[in-house]
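A.B. asks: Output the structure for:
(one chain, ligands or ions: 2)
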Amino acid sequence: MILMDNVIREGHPTLRARAKELTFPLSKEDKQLGQDLMEFLINSQDPELSEKYDLRSGIGIAAPQVNESKRIFALHLPDDSDNPLSFVAVNPKIVSHSVEKTYLTNGEGCLSVDRNVDGFVPRHARITVKFFTLDGEEKKMRLKGLQAILFQHELDHLNGVMFYDHINESNPFAEVPNSQPIV
Ligand SMILES: CNC(=O)c1cccc(C)c1Nc1nc(N2CCN(c3ccccc3Cl)CC2)nc(N2CSC[C@H]2C(=O)NC)n1
Ligand code: NI
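C.D. replies: Numbering: from 1, shown residues only. Ligands and ions are numbered 1, 2, ... in the order given. Predicted coordinates for the structure are as follows:
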């Protein structure tokens, strides 16, 4: 199982590399990696397990964060949230996006960043995405709100982009034009 010791932190070069596409059918190792990423998120959101294994809670994690430079990530929004979402995405892409932007008014956190980086992280408000499941099935879906933010945060990790790269340097809380914030 993935533990926090397996999560690389900012400064590690893999976080700034472009991850490689996977080929199908996936190797046993790559399938296991996808399952391990999802298992980590579920464990991290469980009060007992996160306490027992000292896990930081997350709703998304990308393979580069465990030093595997491969285009695969897992998202897991708790079932009790008003918009549950749970999948492992292989070779994910944004095929189209809104002009309108969105951002979390509380900012973003990242398992690979052991500090608070304040500021709005502007992202596309609505996105149409494509990805493959671990079994090689192609999926296409439209995401908005927190689901869209989450997908973009994890896709950034596959391209060596960190959330704070998007924060306005001169004024982290500058108004984001044409945006609908999420409180
Ligand atoms: C600096 N201010 C902040 O971090 C921040 C501060 C307040 C609110 C938000 C909304 C913030 N922002 C933010 N909060 C989260 N969590 C909220 C708590 N939650 C969680 C915690 C415990 C159990 C179960 C769960 Cl579910 C885990 C996830 N996660 C992300 N991100 C950015 S996209 C990838 C995702 C991620 O998984 N990061 C590790 N951002
Ligand atoms: Ni992150």
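A.B. asks: What's the separation between S27 and P84?
C.D. replies: Counting by C-beta to C-beta, to the nearest Å, the gap from S27 to P84 is 30 Å. To be clear about C-beta, it is placed using only N, CA and C from the backbone, and glycine gets the same treatment.
A.B. asks: Quick check: phi and psi on the residue in the chain sticking out farthest from the centre?
C.D. replies: Here the chain reaches farthest from its C-alpha mean at S170, the gap being 25.6 Å by C-alpha atoms, centre = their mean. Main-chain dihedrals, S170, degrees, to the nearest 10: phi -70, psi -30.
A.B. asks: Make residue 1 into 54 and carry on from there
C.D. replies: Got it, the first residue is 54 from now on, which makes the last one we talked about S223.
A.B. asks: Give me every residue in the protein that's in contact range of ligand 1.
C.D. replies: Proximity of the chain to ligand 1, by C-beta under 6 Å from any ligand atom, involves residues 98, 110-113, 131, 157, 159-164, 169, 202-203, 206.
A.B. asks: Mind giving me the PyMOL command for buried ones among these?
C.D. replies: The following PyMOL line selects those of the residues of the chain next to ligand 1 that are buried, judged by 16 or more other C-beta atoms under 10 Å:
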select buried, resi 98+111+112+113+157+160+161+162+163+164+202+203+206
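A.B. asks: Point out the other elements, helices or strands, that the helix or strand D83 falls within touches.
C.D. replies: Using DSSP states H and E, D83 falls within helix 81-97. Applying 3 or more C-beta pairs under 8 Å, 6 or more residues apart in numbering; DSSP states H and E, one finds that helix 81-97 makes contact with helix 100-105, strand 113-115, strand 125-130, strand 138-150.
A.B. asks: Swap in 6 Å and give it another go.
C.D. replies: strand 113-115, strand 125-130 (3 or more C-beta pairs under 6 Å, 6 or more residues apart in numbering; DSSP states H and E).
A.B. asks: okay if I get the ones you listed as CSV plus mean pLDDT?
C.D. replies: Output for the helices and strands packed on helix 81-97, formatted as CSV (pLDDT from 0 to 100):
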stretch, mean pLDDT
strand 113-115, 99
strand 125-130, 98
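A.B. asks: Can you classify the residue of the chain at minimum distance from ligand 1 by secondary structure?
C.D. replies: Closest residue of the chain to ligand 1, C-beta to the nearest ligand atom: G162 (2.9 Å). Per DSSP: H, G, I helix; E, B strand; the rest coil, the secondary structure class of G162 is coil.
A.B. asks: now I220, nearest residue through space, not along the chain?
C.D. replies: G172 (3.7 Å; C-beta to C-beta, 6 or more residues apart in numbering).
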